[in-house]
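Let me see the structure of the following:
(chains A and B)
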Amino acid sequence: MKLATWNVNSLGVRLPRLLGWLARAQPDIVGLQETKTEDAKFPRAEIEQAGYRAVFAGQKTYNGVALLVRDGIGTPDDVVTALPGFADEQKRVLAATVAGVRVVDFYVPNGQAVDSDKYLYKLDWCRAAGALLAAEISRHPALAVIGDFNIAPEDRDVHDPDLWRGQVLCSDPERAVFREWISLGLKDSFRLFEQPPNTFSWWDYRQLAFPKNRGLRIDHILVGPALAGRCVACRIDREARKGEKPSDHAPVVAEFS
DNA sequence: ATGGCTGCTTTGAGCAGA
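A predicted model of the protein is given here:
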């Protein structure tokens, strides 16, 4: 089974690229973030034509998440589209059970800057998200938490750690959140394997950040105990960041036996 | 390669992303 996450930065703009990538990479389950598409305008027909069933929770302009499930894999069940007890207009959560795997797809708030209201919102959101994860893992050992976490967990996930130190995406409270989620019994699937140094999942559109590989690793696939033992690979598909009209994020793909 | 981001919005300057 292949499980993937990709912040597409607008499904409207990225749909052709997404369809091409699905055909090439053949993932079984894909979590998308930043679809920026309200549900009534979700391109369900195109996705189904490509051989995937979709569930989604979107809104106009910002945010929006979706789960794509390849035909024959299973039916998304027990769908959740919000954090319990956390009133929020922003569509950032989509959980579903597929083929015995509980998949939680997050678009964690960006936080903008550590002295901003958006950063406080990010930390509040993460507290509520952590409570959801604690409940989910107690019910589902085969839990996968995937998405754009907007957190670079360690200095080795940052092209220039000194430049980014204490900044949003790298600040100590954000990294503490990541460790708390790990401490629930999750593994960072990317770190289960030897990886090339300076492997990132996001590069700024500006200042030639991608060709210079000035990126961050902020997109993740965390796996519970029942999946960690079956995980045989995790990689970031850098190729998908190349060419015309790329997303600023690359997909992350984990494989399971 | 002497450049300098992209996508969205009550279409156009401003916001947001990270």
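
Strands of the stretch 1-150 of chain A, start to end?
With DSSP state E, counting those that start in this stretch applied, the stretch 1-150 of chain A shows strands at A:2-7, A:29-33, A:52-57, A:65-70, A:77-80, A:93-98, A:101-107, A:143-148, listed in chain order.

count of residues packed around whichever residue of the stretch 151-257 of chain A sits closest to DNA strand B?
With CB to the nearest atom of the strand, the shortest gap between the stretch 151-257 of chain A and DNA strand B falls at residue A:206, namely 2.4 Å. C-beta here means a position set from N, CA and C on the backbone, and glycine is covered the same way. By the criterion of other CB atoms under 10 Å, residue A:206 has 9 neighbours.

same deal with residue A:216?
A count of nearby residues for residue A:216, using other CB under 10 Å, gives 22.

Secondary structure class of the closest residue to it other than its chain neighbours, three-state.
Nearest residue to residue A:216, sequence neighbours excluded (CB to CB, 6 or more residues apart in numbering): residue A:152, at 4.5 Å. Recorded secondary structure, residue A:152: coil (DSSP: H, G, I helix; E, B strand; the rest coil).

Is the helix ranked longest in chain A in proximity to DNA strand B?
Ranked by number of residues, the top helix in chain A under DSSP state H is helix A:117-139. Yes. Helix A:117-139 comes into contact with DNA strand B (CB under 7 Å from any atom of the strand), by way of residue A:118.

how about residue A:36, what does it touch?
Residues near residue A:36 by CB atoms under 8 Å, 6 or more residues apart in numbering: A:9, A:10, A:11, A:12, A:58, A:60, A:61, A:62, A:63, A:64.

The residue of the stretch 151-257 of chain A closest to DNA strand B and residue A:248: what is the separation?
Distance, residue A:206 to residue A:248, using CB to CB, to the nearest Å: 10 Å.

who's in contact with the residue nearest the centre of chain A?
For chain A, residue A:147 is the residue whose C-alpha lies nearest the centre (CA atoms, centre = their mean; 1.2 Å). Residue A:147 is in contact with A:5, A:7, A:31, A:33, A:65, A:104, A:105, A:106, A:107, A:108, A:219, A:220, counting by CB under 8 Å, 6+ apart.

Who wins on neighbours among those residues?
residue A:31 (31 neighbours).
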